[in-house]
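Enquirer: give me coordinates for this.
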Amino acid sequence: MDEIELRHILHMNPELSFKEYRTKETLRKAVIEIGYEKIIEVAGTGLVIEKKETEDPYVVLRADMDALPIKEETGWEFASRNEYMHACGHDFHMSALYGAMKRLRNVKKNFLFVFQPAEETGGGAKEVVDFLKDKYEIKAAVGFHVTDEYDAGTVASRPGVLFASATEFDVYFKGVPAHVAFAEKGKDALKAAVSFLGWLYNKKWNALVGVGKISGGRARNIVPDEIKLEGTIRSEALRITEEVISNMVKQLGELKEEMGVDFAVERGSVYPEVKVDQNLFETLRETCQRLGFSFVECDMKWTGEDFGYFSQVFPSLLFWFGVGEGERFGLHHPRFLPNDRYIPMAADLLAELAMVI
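Expert: Now for the predicted structure:
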């Protein structure tokens, strides 16, 4: 099976985070067919394929596996056959890594090929890293992400923080219900939430802070006693995020004293910032120039990526792999569909990087 055939199978059968059972078995069968034997299950639905040839440290190549709860609208011959979609390009990532594995089969170096589940929920990388760090000596970890922001044939990265840390947060407001005709008998959770949002959006943050969803209330004529805000914080470092949350809790405490509405703050998924090692960045630049890719040193992106868990522990390299051509839709769009023909190019780049690192 070549990498494009594998991409078609994976794209037609997308699975959500930590439910990548068919994906795992498809990958297992494919890597066995090309001669890899030491296959280790990790994080429930992930795979680590070990290639040990010497006593040297390992180079990790990582691809994420999970899809999104998005209904595909591409009309492609190999479109998803269920209600989910590889709208973030993870099918491309897995197929390119598989292609790199074929190219590296006879190279006398130590590699760990990681098919990682649950990138979209932020939990998969942490479990994989917890497994790897105590078992292997690792020289470098390498990953990439497709995007149509950059033209096809363009690679982009930067030393230092490439992707911001991303933390989901929920704020719960708990008041007392009452008929609006007797509103003084209630405690209005919605009014407290609105006051909090006004404070949140008028404060200058050293971060990107936003709320994307509000839910709650019982009926149009009842003082709302339960409101939930769902938001995200993007920052250059998790310590900045902690400062934001601390400020939020302080403000909520003041609102509680003023309005009598109780509150709770909960964190959802947490993505540490992705940090690119300076030496690995220079290796990427030189390799791209040698292979004929256009190379861009980009700005930090507010995108979240749980590869940050790798970069907290190992010298790491992550880069954008441009696939833009014609109309561009962006990641997580029901019509996002990188062209097959760029998969071998990505596989070539991954393999070359693995050999020279």
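
Enquirer: what's the helix or strand for the nearest residue to G89 once chain neighbours are set aside?
Expert: Sequence neighbours aside, V146 is the residue nearest to G89 in space, at 3.9 Å (criterion: Cβ to Cβ, 6 or more residues apart in numbering). Every residue, glycine included, has its C-beta placed from N, CA and C. V146 belongs to strand 138-151 when elements are defined using DSSP states H and E.

Enquirer: parallel or antiparallel, list what pairs with that strand.
Expert: With DSSP bridges as the test, strand 138-151 is paired with strand 58-64 (parallel), strand 316-324 (parallel).

Enquirer: using JSON lines, lay out these together with mean neighbour count, distance to H8 and mean pLDDT.
Expert: JSON lines is the format used below for the strands paired with strand 138-151 (neighbours: other Cβ atoms under 10 Å; distance: least, Cβ to Cβ, whole Å; pLDDT from 0 to 100):
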{"stretch": "strand 58-64", "mean neighbour count": "25", "distance to H8": "16", "mean pLDDT": "98"}
{"stretch": "strand 316-324", "mean neighbour count": "24", "distance to H8": "16", "mean pLDDT": "98"}
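
Enquirer: Q289 belongs to a strand?
Expert: No. Using DSSP: H, G, I helix; E, B strand; the rest coil, the assignment for Q289 is helix, not a strand.

Enquirer: how near is it to V313?
Expert: Remark: distance between Q289 and V313 (Cβ to Cβ, to the nearest Å) = 29 Å.

Enquirer: one step back: and the strands paired with strand 138-151 as JSON lines, adding distance to R285?
Expert: Output for the strands paired with strand 138-151, formatted as JSON lines (distance: least, Cβ to Cβ, whole Å):
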{"stretch": "strand 58-64", "distance to R285": "18"}
{"stretch": "strand 316-324", "distance to R285": "10"}
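
Enquirer: what's the closest of the ones you listed to K19?
Expert: Closest to K19 of the strands paired with strand 138-151 is strand 58-64 (Cβ to Cβ; 13.8 Å).

Enquirer: for that closest one, which outside residues touch it?
Expert: Identification of contacts with strand 58-64 by Cβ atoms under 8 Å, 6 or more residues apart in numbering yields 50, 52, 90, 93-94, 96-97, 100-101, 109-117, 119, 124, 128, 132, 136-143, 306-307, 310, 314, 350, 354, 357.

Enquirer: in strands only, show me those.
Expert: With DSSP state E as the criterion, strands contain 50, 111-116, 138-143 from among those.

Enquirer: among the residues you listed, which two are most distant?
Expert: Pairwise distances across the ones in strands among the contacts of strand 58-64 (Cβ to Cβ) peak at 19.8 Å, for the pair F115 and K139.
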